[in-house]
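A.B. asks: predicted structure and sequence below. I'll ask about it afterward.
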Number of protein chains: 2
Amino acid sequence: MHKWVVHEVLADAAYQYPLVEVVSGGHRYTYAQEYERVLRLANSLQKLGIAQGTVVGVMDVNSHRYLELKYALSMLGAVIHTINFRLPAEDLVYTIQHAKDEWLFLWAGFGDGAIRLAALFPQVVWLEDENGGDIPPEHALVFEKLVATGQVVEPPQASRVDETDPYSIFYTTGTTGRPKGMLYRHRDMLMASLQIAHHLAIHDTGARVDAESVVMPLIPFFHIHGWGVPFFAPYLGAKLVLPERANAKEQLELIRQEEVTWSNMVPTQLQMLLTEMSPQMEQSQHAPSGGDLGSEQGRHVLRVLTGGSPLSTGLAKRAAEAGVTYALIYGGSDQLGTSITTAAGLTGAQRLSRLATRMTPFPMVRVEVRDGDNHLVPWDGASLGEMWVQSPWLPTGYLHDPERSRGVYKDGWFRSGDLAVRYPDGSFYVADRVKDAVKSGGEWIATSVIEAVLSEVPGIQAAAVVAAPDERWGERPVAVVQADPRVEEATVRAHLQAAVTSGRLAKFWVPDRIEFVTALPITSAGKIHKVQLRQNLGLTSQGSIDTL
Amino acid sequence: MHKWVVHEVLADAAYQYPLVEVVSGGHRYTYAQEYERVLRLANSLQKLGIAQGTVVGVMDVNSHRYLELKYALSMLGAVIHTINFRLPAEDLVYTIQHAKDEWLFLWAGFGDGAIRLAALFPQVVWLEDENGGDIPPEHALVFEKLVATGQVVEPPQASRVDETDPYSIFYTTGTTGRPKGMLYRHRDMLMASLQIAHHLAIHDTGARVDAESVVMPLIPFFHIHGWGVPFFAPYLGAKLVLPERANAKEQLELIRQEEVTWSNMVPTQLQMLLTEMSPQMEQSQHAPSGGDLGSEQGRHVLRVLTGGSPLSTGLAKRAAEAGVTYALIYGGSDQLGTSITTAAGLTGAQRLSRLATRMTPFPMVRVEVRDGDNHLVPWDGASLGEMWVQSPWLPTGYLHDPERSRGVYKDGWFRSGDLAVRYPDGSFYVADRVKDAVKSGGEWIATSVIEAVLSEVPGIQAAAVVAAPDERWGERPVAVVQADPRVEEATVRAHLQAAVTSGRLAKFWVPDRIEFVTALPITSAGKIHKVQLRQNLGLTSQGSIDTL
């Protein structure tokens, strides 16, 4: 690699790790073969007129096709817009228009939705679905044919792409207003992605990744390129397993068949995977476990990097029992990844707890926790403030949106909108979104802490705490729980009271109301949709939820 | 860290790891205190007139003073020339003149040599030696006073230093002709240094370094900044122990007192350290050893990154027995570090052997092994060729020396002058310097392989094989051994014959002559001085030996 440009990573992998595999659907290619396919694809794309600066929208599940487009478009100096297909249709079309996509690459497996989208835009290439999805219209441009007909030679443009050239556009999934566009340059996207791997290798976490890992990204590629996996897996020389549209059962099969050792996913996905694993888990609990569960020395099924929402105590325990070790990552579309939980030298329950909560910033990243007067809060593990972040890959603002950038990107810092406390050792805990937090009598109440306590009650599957307007206190917390019908309010109240007694909750943090629902509303990012929830409960809201 | 400039690394460490220590001589500072000292120093240096582009020569042992100068000069955009004090006086003065040093910072502990040097150059600052060395002349500028009187504020220039600004000059220690100057930019020096830490964390080596390591560099700072340790230790947040002029016995005391877990050194230093450790070693061999020696799970005394010359089988074994695990690094002043030995998943003897021989290039680095016709040799583990290297931090040539750069730096590649073989998995083994190899009947003979076999003979302390002119074959190998008086030539010949029988040596590789000496000549880099040796034996030579 001469320069921090994306396609040089794959060129290096093809050269240094030519026999390491990429597995995707029914396909199995080596990095050397992937590189050849990417060269062919790039040359065919060039013939279509895709050139430096052309914006190309891609809508696909995590597949080798998507991987190849990430690298082929890089070679041409084109800009890849990774379309979030979980957005509402109107927002989805908005992002395509706002990013000024000139070409769309659509997976046929999306069926009617993709066909309707194709009708709106003139230049479309179909990504075939060999697994029995809808067949693209006749005479349409199809991906595999582009690969088959391209020349195996590096396009001349490839060596002219510069580190500071734009590489990718994607959108934050706000719940109020339109999605906000992010534009990252080659070196931003690469450095931030590689720092995830470096951080996991340098620190004592539950999600160590290295050259011997077998990596399967379950975070969709439209979420910050699956948190960087398609870049750092070839960089490490690690085998890459792409799950396409595998459900939890199929994911588990892939883990077993391909001997996957590392994955990333949001807590919701982890919960589904653990549920799928549970018959196996019960079996293995009768067998000797071979060590301290959850420690690096313990029996290992899988290492998981998770994030996007807090890991509840209950889920963390279930993961540990299943031999799944973990770490949490903190970041977002608008700042990329910046911190990962670490637990230097710790074991047992203390380790589990740290890995679910205590963030250490990447080397090169600075985090500040500031109070309302823009002063740093004391590093006491208790004072809440808003997190500001600085890193080498931070953009200067949202794409084509100076107005909403103002006050958010400021003097080289990014105002995260997240509430956090800082510990004496420099680590921090992200308690809440500022807009999700409850301000009662002038004091912040971190709803995630109450949610964590609630999630420990047997029979409660999920819990959310939101603000209700209150005449006397300004706001008061309301708990909404998704639970078995047999869970009674008295049991929940008793558990909250115990948490007050043991000092985990301040007395005034105890929710005034507890609502029982059959299902909590979920955002496209798999998080609880608190804005929706407040609307459902008839509470006003201006909240916005961002995804990592 | 906004940018890849050296001083931002320490600023980050002061911020993220404020309480982690730097130990040097009798001093003990935290990274926060080090940063404050550096700010003070930088402001005082600025008052002296040191500014962007000023070349400053530093001659010191590995100390906190040297560390502080590396960072303070970076803040001013000045260029640090790390003077190799082991060069012959004439070469040393040549490097100061060639680099155009405007200021000299000289450690008083060097005594008369430093005073003579100071007399030749007008602008000198004395680095005091608190441990009883010579006292600087009266009225001289002294380092600690500069630190004491400087302001604690970042000099304005600090934020204007750019990634591509020059940062450091140092010299290769050639044995023919004058030393060759190297100039590296901030991002070159930083990226190459951090990739050492990343590579050691990502791969399965015997010298893993991470945030919990306690690091003591024994490679002098004038050798490629001690192989990057003063940059990657604060980056990791690792405790840093600077040995000043500690001898092997004192180094061992530091290892015990400060709980050092990681160090770097050339094999000669390792040998001395192991000799110092041996009484302890014998003791511990009677105690339960706690695991497979030399494996990552085994009893650990120290992890060592070594290089600069091959690790003999005998020394590798002694290290393993003492609980010292290791990896070798390959590189040089003229290319920086590029590869480290790895042993993915291996244990026992196979692991020891791999870690002494099999190099894996860093991510981002490419290595090619080319034959005389500039074609790649087959990846068969047998065909010898010359190594060419490409990396993001490669310079375009030697400093002020286009003539000697020609043919060495070419089309973005560096011609290393080293002979290597490449294995099917992409790893390689560096067999010899091209100029040290013997060409017999048109075929290369890798002298290091013969030396490794010789080193296994009990009583042989060191061995060198050099070329003797031969009328029939062009050249023939001559072995020179430093051995106990009781070692007989017949024993050595029998051992060589056994190596031929077992297939380790080709028959024509067996040296024609074996010479016994009491001491082999050593270069300033601690390697066997083969040019000197050939002169001693009355053999002509044009050889040149480079250091890592």
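C.D. replies: Thanks, I have the structure now. Residues are numbered from 1 along each chain as shown, chains lettered A, B, ... in the order given.

A.B. asks: domain ranges for chain A?
C.D. replies: By the assignment in automatic domain parsing, chain A contains the domains A:6-186, A:190-432, A:437-536.

A.B. asks: tell me what the helix or strand encompassing A:Ser74 is packed against?
C.D. replies: A:Ser74 is part of helix A:64-76, with elements assigned from DSSP states H and E. If you count contacts as 3 or more C-beta pairs under 8 Å, 6 or more residues apart in numbering or on different chains; DSSP states H and E, helix A:64-76 packs onto helix A:6-16, strand A:21-24, helix A:31-48, strand A:55-59, strand A:79-82, strand A:103-107, helix A:229-236, strand A:239-242. Backbone N, C-alpha and C define where each C-beta goes, glycine included.

A.B. asks: can you put the ones you listed in JSON lines and add distance to B:Met189 and mean pLDDT?
C.D. replies: Shown next, in JSON lines, are the helices and strands packed on helix A:64-76 (distance: least, C-beta to C-beta, whole Å; pLDDT from 0 to 100):
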{"stretch": "helix A:6-16", "distance to B:Met189": "21", "mean pLDDT": "94"}
{"stretch": "strand A:21-24", "distance to B:Met189": "34", "mean pLDDT": "97"}
{"stretch": "helix A:31-48", "distance to B:Met189": "30", "mean pLDDT": "98"}
{"stretch": "strand A:55-59", "distance to B:Met189": "37", "mean pLDDT": "98"}
{"stretch": "strand A:79-82", "distance to B:Met189": "32", "mean pLDDT": "98"}
{"stretch": "strand A:103-107", "distance to B:Met189": "41", "mean pLDDT": "96"}
{"stretch": "helix A:229-236", "distance to B:Met189": "21", "mean pLDDT": "98"}
{"stretch": "strand A:239-242", "distance to B:Met189": "32", "mean pLDDT": "98"}
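
A.B. asks: distance to chain B and mean neighbour count added to these, as JSON lines?
C.D. replies: Formatted as JSON lines, those follow (distance: least, C-beta to the nearest C-beta, whole Å; neighbours: other C-beta atoms under 10 Å in any protein chain shown):
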{"stretch": "helix A:6-16", "distance to chain B": "5", "mean neighbour count": "23"}
{"stretch": "strand A:21-24", "distance to chain B": "14", "mean neighbour count": "21"}
{"stretch": "helix A:31-48", "distance to chain B": "11", "mean neighbour count": "21"}
{"stretch": "strand A:55-59", "distance to chain B": "26", "mean neighbour count": "23"}
{"stretch": "strand A:79-82", "distance to chain B": "22", "mean neighbour count": "26"}
{"stretch": "strand A:103-107", "distance to chain B": "29", "mean neighbour count": "24"}
{"stretch": "helix A:229-236", "distance to chain B": "5", "mean neighbour count": "27"}
{"stretch": "strand A:239-242", "distance to chain B": "13", "mean neighbour count": "26"}
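
A.B. asks: so which of the ones you listed is nearest B:Arg256?
C.D. replies: helix A:229-236 (35.5 Å; C-beta to C-beta).

A.B. asks: that closest one vs helix A:64-76, what angle?
C.D. replies: Angle of helix A:229-236 versus helix A:64-76, following axes from the mean of the first three to the mean of the last three C-alpha atoms, to 10 degrees, is 80 degrees.

A.B. asks: got the angle for helix A:229-236 vs helix A:6-16?
C.D. replies: Using the same axes, to 10 degrees: helix A:229-236 against helix A:6-16 is 40 degrees.

A.B. asks: what about helix A:229-236, distance to the chain center?
C.D. replies: Averaged C-alpha coordinates place helix A:229-236 at 16 Å from its chain's average position (C-alpha atoms, centre = their mean, to the nearest Å).

A.B. asks: so which elements touch it?
C.D. replies: helix A:6-16, helix A:64-76, helix A:186-202, strand A:214-217, strand A:239-242.

A.B. asks: output these in JSON lines, with distance to A:Phe121 appended to each entry.
C.D. replies: Converted to JSON lines, these look like this (distance: least, C-beta to C-beta, whole Å):
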{"stretch": "helix A:6-16", "distance to A:Phe121": "25"}
{"stretch": "helix A:64-76", "distance to A:Phe121": "17"}
{"stretch": "helix A:186-202", "distance to A:Phe121": "25"}
{"stretch": "strand A:214-217", "distance to A:Phe121": "27"}
{"stretch": "strand A:239-242", "distance to A:Phe121": "26"}
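
A.B. asks: what does chain A put close to chain B?
C.D. replies: When proximity is defined by C-beta under 8 Å from any C-beta of the partner chain, chain A lies next to chain B at A:1-4, A:12, A:15-19, A:197-198, A:201-204, A:210-212, A:235-237, A:342, A:344-345, A:360-361, A:363-366, A:390, A:392, A:412, A:425-426.

A.B. asks: closest approach to chain B from the stretch 251-400 of chain A, which residue is it?
C.D. replies: Closest residue of the stretch 251-400 of chain A to chain B, C-beta to the nearest C-beta: A:Met364 (4.0 Å).
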